[in-house]
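# Predicted model follows, preceded by the sequence.
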Amino acid sequence: MKHLNFIHVINSYGKRVILFLACCLFFVLTSNAQVTSSIDTTKIKIGEQITFKVEVDADTTDLVVFPEGQTFGPLEMIESYKIDTTKNEAKFKLIKTYGLTQFDSGSYKIPKQKIIVGTKTYFTDSLHVEVYTVAVDTTKQNLYGIKPMIEVEKASSDWWIYLLITLVALGFIAFLLYWFIWRKKPLTEEEEIAMLPPYDRAKLALKKLDESNYLQRSELKDYYSELTFIIRKYLDEKVYDRALESTTDELVGRLNLLRDANQIELSTSDINNIETILKRADLVKFAKSAPDIELAKIDRNTIDVEIDQVKEALPEPTEEEKLLDKQYKEEQELKKKRRKIILTVGASILILIATYVGFGLKYGFKYVTDTIIGNEAKELLEGDWVQSDYGVPPIMISTPVVLERIELQAIDSTQQLKRTAFAYGDVNSSFNIGVGTTKYNLQEGEEIDINGAVEETIKSFENNGARNIVVKREQFITPNAAEGLKVFGTGEFPTDVEGQYRSGEYVILIFVSDDKSVMQKIALVWNNKDEYTNDIMDRVLNSVELKKVEE
């Protein structure tokens, strides 16, 4: 009976052991089956590409994090392809492919790559790759020695080219304004005659009448028309302003009336001479009368004399009349000057608008506007950046300005030995950059509270007025393969105007040193509605690298 009981116990114990081993084997098989890796070839020539493929079977609810950055050293990653996803019932099959290469011959090993699936961490197999040199046929391709280094002059800035173009454009615009607006154009003969006083103009008209061929061609009608127009025009300007449109009788009657009113000292014989010539001209023009050529010449001389008589008969202008005439001329000059100024301003505005539209179509109107009025973020983005190391161990980062050191007190003096911080701006600025290093004095078995550091930073955002903060997490790998935690998201951040908020983004990067005694933190906050600050933060994030103390 005891023997049977012993056998029963043995059998029961054996079943439990077998069941336990089966569970372990199943766990191992399922775990290893979740992540597999492969390469398309193990032998390449220098510079050829290796395709490294990682396949992951995961639940639809699992978050899968693939390695990013240069984590394949000593091989170099030249391209990271998009993840190919297929669904099989309640699982996803994710395929991530990388393009790798090496530019030096030798035997290399692709290191294990860390894959995070949900809360578990898996590592791919390490794979060996042989890189061979490319054979060179020296019978066809000559070999040459390495040339010595030569000093190259530093390329100078092109600012003088843009300055020269600007000066030439401004000079051309000034020339156009001068030539078409401000330049005194040469006067035509008609304009020069029109600027003469009425007496000189009448004398010049008689001279031109003498130079005509009316009398030689016996064109008496045209001759007398010109002759009477000369005297009528002079009288119209100096004596009676309706002399050109009045009949002979009306004009003579007006002259007699002015003489009787002592407004003009013209004798009766002078008026009769003018009347006689005007009536003879009427007969020639309307009754086709044909006086002798010599008589026509006498009439011309008579008109010449009468013009002199009228000039002497006219009263001298009073001082008031001279002043009014001077004021009139000044007003006319002022009007001309104002017209030139208006034309100059209008032309300048049109040229500026055309220039703005031209550059706006080429570079974008916002970019041109920000260039003209000035945009701090744009100037920082396009200015000279600074690459510097902060803290110990150093954090190497590129920023548009040098970060200023901030004195901080340790939160817990029993755990923290030293805490340093550097920053630019604050949460109210268009962007804020903060870099901090904290050295801990931990007891054996203690670890740095990374979650607490994240909560501390988020809490500082809220203490400065931020609200509606969305928090996301993922792995972050620097170009030199340093792994860390990336906490990022969006929120509403206060502006300089009290009670107003703007949309913004933030990124918190946290790294822990190999000896688990130092935490390095980078905090970035910026206005995500401004394309310049977005570009600045992308450039800052891409520049983050960690350096060991001995480097």
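Yep, it's here.
# Residue 539: which element?
Take DSSP states H and E as the rule and residue 539 turns out to sit in helix 531-543.
# and that helix, what does it pack onto?
Of the remaining helices and strands, those touching helix 531-543 by 3 or more CB pairs under 8 Å, 6 or more residues apart in numbering; DSSP states H and E are helix 376-382, strand 395-399, strand 431-440, strand 501-512, strand 518-526. Bear in mind the C-beta positions are built from the backbone N, C-alpha and C, glycine included.
# Count residues in the vicinity of the nearest residue to residue 495 once chain neighbours are set aside, would you?
Sequence neighbours aside, residue 502 is the residue nearest to residue 495 in space, at 5.3 Å (criterion: CB to CB, 6 or more residues apart in numbering). The local packing of residue 502 (other CB atoms under 10 Å) involves 16 other residues.
# Go ahead and confirm residue 502 touches residue 493.
Yes - the criterion here is CB atoms under 8 Å, and residue 502 meets it with residue 493 at 5.9 Å.
# what do these two both touch?
Counting by CB atoms under 8 Å, 6 or more residues apart in numbering, the common neighbours of residue 502 and residue 493 are residue 527.
# Quick check, residue 41 in contact with residue 49.
No - using CB under 8 Å, residue 41 is not in contact with residue 49, being 9.4 Å away.
# who has more neighbours, the two?
The neighbour comparison of residue 41 against residue 49 (other CB under 10 Å) goes to residue 49, with 14 against 11.
# Need the per-residue pLDDT for that one.
Looking at residue 49, its pLDDT is 87.
# how about low-confidence regions in the stretch 251-400 of the chain?
Along the stretch 251-400 of the chain, the model assigns pLDDT under 70 to residues 317-326, 328, 356, 359-360, 362-363, 367, 371-372, 374.
# Please, where are all the helices along it?
268-286, 293-313, 319-363, 365-373, 376-382 (DSSP state H, counting those that start in this stretch).
# tell me what the second one is packed against?
Counting by 3+ CB pairs under 8 Å, 6+ apart, the packing neighbours recorded for helix 293-313 are helix 198-211, helix 220-238, helix 268-286.
# Out of these, which one sits most buried?
Most buried of these by mean neighbour count (mean count of other CB atoms under 10 Å) is helix 220-238; its value is a mean of 20.
# what's in contact with stretch 524-542?
Contacts of stretch 524-542 (CB under 8 Å, 6+ apart): 370, 375, 377-378, 380-381, 385, 397-400, 427, 430-434, 461, 479, 490, 493, 502-508.
# what do you get for stretch 429-438?
For stretch 429-438, the external contacting residues (CB under 8 Å, 6+ apart) are 376-377, 390-393, 395, 397, 399, 403, 408, 410, 416, 418-426, 453, 518-527, 530, 533, 536-537, 540.
# And the buried ones among the residues you listed, selectable in ChimeraX?
Only the buried entries of those go into this ChimeraX selection, using 16 or more other CB atoms under 10 Å:
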select :377,390,391,393,395,397,399,403,416,419,420,421,422,423,424,425,453,518,519,520,521,522,523,524,525,526,527,530,533,536,537,540
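# Might you report the residue contacts of residue 391?
420, 422, 435-437, 520.
# Show me the two of these that sit farthest apart.
Farthest pair in those (CB to CB) is 422 and 520. Separation: 11.6 Å.
# Format the helices and strands packed on helix 293-313 as TSV; extra columns: distance to residue 471.
Listed next are the helices and strands packed on helix 293-313 as TSV, based on distance: least, CB to CB, whole Å:
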stretch	distance to residue 471
helix 198-211	93
helix 220-238	93
helix 268-286	105
